[in-house]
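Colleague: my questions concern the predicted model and sequence given below.
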Amino acid sequence: IKLVRNIKEVLDKNNYQTNCFEWNVIEQEDWVSSWKKYWGPELVGDNLLILPCWLDLPKEYKNMKVLKIDPGAAFGTGSHPTTSLCLEKLEKTPLFGNKILDIGSGSGILSIAAKSFGASEVYAIDNDYLAINSTVSNFRLNFGNVNNLKTYLGPFDELVSKYSLNNFDFIFCNILAEVIKDIIPEISHCLKKDGEVILSGILNSQKDEIFKLLNASNFQINDVSSKKDWVCITAQKI
């Protein structure tokens, strides 16, 4: 009641009508889990289905490649354009037997997709321990184990130096463009000759600057896809 009175006083002083707002009591709810009822199976690309782990697989999707995800507190349900652009690209990329690095793994969705498409070794990096835990948990959820998965917690540049992370066939990086700009030279050092990087998290207005930085680090732009205001860039080390 005191809050209502204070708001009315502020509105009156600024010549606003005092009947232009209302309030009511919201019943207590388990907000940590209640959001789950609003997220269902999600189609991505030609043959991918992102399935919340608490749901059974609908019969109409039984022939699709299924990625089970419990995002928890980590980014990457597949619904955001930056993630779906990456998944659509991975679906068309020959990954069988390849060594993969996922920078900013979040929920682990790209690492899981890479393994599903035949990658033999998957390395995942994130500077958030909740994301690393989520990557490990979701990897086990999909494959029953964490064989062929190696995770690293910390900043990319420090981990590359500490663990000599190199000789990758593909590197995925779905993070903020401002972070991507700083690590492009290091990404080049981590790739094999002719290795490829898939970059997302980039706004259309930022792509030209990313192009210049990639060219300066001896990358050739092979593909650019877009969705809404976002772009996904595939480049090859030359």
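Modeller: Thanks, I have it. Numbers count the residues shown, from 1 in each chain.

Colleague: quick one: buried residues of the lengthiest strand in the chain?
Modeller: When the chain is parsed with DSSP state E, its longest strand is strand 191-203. Of the residues in strand 191-203, L191, G195, E196, V197, I198, L199, S200, G201, I202 count as buried by neighbour count, 16 or more other CB atoms under 10 Å. Using the backbone N, CA and C atoms, a C-beta is placed for each residue, glycine as well.

Colleague: so what secondary structure elements neighbour the following helix or strand past that strand?
Modeller: Proceeding N to C from strand 191-203, the next assigned helix or strand is helix 207-216, under DSSP states H and E. Applying 3 or more CB pairs under 8 Å, 6 or more residues apart in numbering; DSSP states H and E, one finds that helix 207-216 contacts helix 177-190, strand 219-227, strand 230-237.

Colleague: for the shortest one, name the packing helices and strands.
Modeller: In this structure, strand 230-237 makes packing contacts with helix 81-91, strand 191-203, helix 207-216, strand 219-227, judged by 3+ CB pairs under 8 Å, 6+ apart.

Colleague: list the strands paired with the second one, with their directions.
Modeller: For strand 191-203, the paired strands and their directions (DSSP bridges) are strand 168-174 (parallel), strand 230-237 (antiparallel).

Colleague: what would those look like in JSON lines with mean neighbour count?
Modeller: Output for the strands paired with strand 191-203, formatted as JSON lines (neighbours: other CB atoms under 10 Å):
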{"stretch": "strand 168-174", "mean neighbour count": "23"}
{"stretch": "strand 230-237", "mean neighbour count": "22"}
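
Colleague: may I see those strands organised as TSV, with mean pLDDT added?
Modeller: Shown next, in TSV, are the strands paired with strand 191-203 (pLDDT from 0 to 100):
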stretch	mean pLDDT
strand 168-174	97
strand 230-237	98
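
Colleague: okay, these in JSON lines with distance to D182 next?
Modeller: What follows is the strands paired with strand 191-203, written out as JSON lines (distance: least, CB to CB, whole Å):
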{"stretch": "strand 168-174", "distance to D182": "11"}
{"stretch": "strand 230-237", "distance to D182": "16"}
